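*Asks:* Build me a structure from this.
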Amino acid sequence: MADGIGIEFIDIASMERRSLEAALAQLVAKYSRFPSSELARMIRGINAEIIQRRIAREAAIIAVTNS
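*Replies:* Residues are numbered from 1 along each chain as shown. Below is the predicted model of the structure:
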């Protein structure tokens, strides 16, 4: 569940060749200075995407090692 804003930010991060982790760190730093509900949503969306990708990567590794 990333909303439209989070997806847009993920696309921008990809275009600029930043990792999602780097984009997340930048957003968290900005949120600590200027808290807003929009930044909080973006942080949650990027964090969910990072977790989703880690789970998929781990599942792929398990599938390869079990085959």
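*Asks:* quick one: low-confidence ranges for the chain?
*Replies:* Low-confidence segments of the chain (pLDDT under 70): 1-18.
*Asks:* residue ranges of the helices in it, please?
*Replies:* For the chain, applying DSSP state H gives helices covering 4-15, 20-33, 37-66.
*Asks:* Centre-most residue in this protein?
*Replies:* When CA atoms, centre = their mean is applied to the chain, the residue found nearest the centroid is residue 46 (2.5 Å).
*Asks:* Do I have it right that that residue meets residue 22?
*Replies:* No: the pair residue 46 / residue 22 is not scored as a contact, 10.2 Å apart, by CB atoms under 8 Å. Yep, even glycine has a C-beta here, placed from its N, CA and C like the rest.
*Asks:* which residues does the residue nearest to residue 46 when sequence neighbours are not counted contact?
*Replies:* Nearest residue to residue 46, sequence neighbours excluded (CB to CB, 6 or more residues apart in numbering): residue 24, at 4.7 Å. Residue 24 makes contact with 43, 46-47, 50, according to CB atoms under 8 Å, 6 or more residues apart in numbering.
*Asks:* burial of the residue lying closest to residue 28 once chain neighbours are set aside, as a residue count?
*Replies:* Spatial nearest neighbour of residue 28, excluding adjacent residues (CB to CB, 6+ apart): residue 43 at 6.2 Å. Using other CB atoms under 10 Å, residue 43 is surrounded by 18 other residues.
*Asks:* Now that we have the contacts of residue 24, can you turn them into JSON lines and tack on distance to residue 65?
*Replies:* Putting those into JSON lines (distance: CB to CB, whole Å) gives the following:
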{"residue": "43", "distance to residue 65": "33"}
{"residue": "46", "distance to residue 65": "29"}
{"residue": "47", "distance to residue 65": "27"}
{"residue": "50", "distance to residue 65": "23"}
